[in-house]
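Undergrad: give me coordinates for this.
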Amino acid sequence: LQLVNGEDAKEDEEKVDKAIKNLKKAIIHNKNFIQAYTTLGTAYFMKGLIEEGIKANLQALSVEPKFPVAHNNLAVAYLELEDYKRAIEHCDIAVDLGFEVNPALLDELAPHRNA
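TA: Numbering: from 1, shown residues only. Model prediction:
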């Protein structure tokens with residue numbers, strides 16, 4: 001996914017599709033490969049497939065409930081879906097686990113904390 005550079009949309013899409021295919025294979029070979037789940041989630045997010053990305057990150061949490069990257073990714077995804085309660089919940093868990101959450105995410109969630 002790091003090879004996606006925005007210079008050629010078709011080429012970038014092919015790279016993301018290839019990454020998804022390879023990440024799914026990696027997960028088949030190792031059901032506990034939590035980084036593969038979260039990276040797969042990111043690839044889905046890049047394609048605009050938010051629900052699939054959420055599922056991938058939830059799978060990561062089923063393997064390791066305290067994996068902060070998955071919580072951060074879920075916070076971003078739920079924010080995208082305007083599910084502020086879940087976004088805040090996962091953001092706070094990521095912070096509590098020591099993850100350095102992007103300040104922009106915290107700023108976007110701030111108005112929804114007491115809603």
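Undergrad: look up which helix or strand the spatially most central residue of the chain falls in, please.
TA: Closest to where the C-alpha atoms of the chain average out (CA atoms, centre = their mean) is residue 73, at 3.2 Å. Assessed by DSSP states H and E, residue 73 sits inside helix 68-80.
Undergrad: so how far is that helix off the chain centroid?
TA: The chain centroid and the centroid of helix 68-80 are separated by 5 Å, computed with CA atoms, centre = their mean, to the nearest Å.
Undergrad: with just CA atoms, put whichever helix or strand comes after that helix into PDB.
TA: Reading on from helix 68-80 to the C-terminus, the next helix or strand found by DSSP H and E is helix 84-96. Taking C-alpha atoms only, helix 84-96 is exported to PDB below (Å, rounded to 0.1, in the frame of the first residue of the first chain):
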ATOM      1  CA  TYR A  84     -19.800   9.400  16.800                       C
ATOM      2  CA  LYS A  85     -20.400   7.200  19.800                       C
ATOM      3  CA  ARG A  86     -18.400   4.300  18.400                       C
ATOM      4  CA  ALA A  87     -15.800   6.600  17.000                       C
ATOM      5  CA  ILE A  88     -15.200   8.200  20.400                       C
ATOM      6  CA  GLU A  89     -15.200   4.800  22.100                       C
ATOM      7  CA  HIS A  90     -12.500   3.400  19.900                       C
ATOM      8  CA  CYS A  91     -10.500   6.600  19.800                       C
ATOM      9  CA  ASP A  92     -10.400   6.600  23.600                       C
ATOM     10  CA  ILE A  93      -9.400   3.000  23.800                       C
ATOM     11  CA  ALA A  94      -6.500   3.600  21.300                       C
ATOM     12  CA  VAL A  95      -5.400   6.600  23.400                       C
ATOM     13  CA  ASP A  96      -5.600   4.500  26.600                       C
END
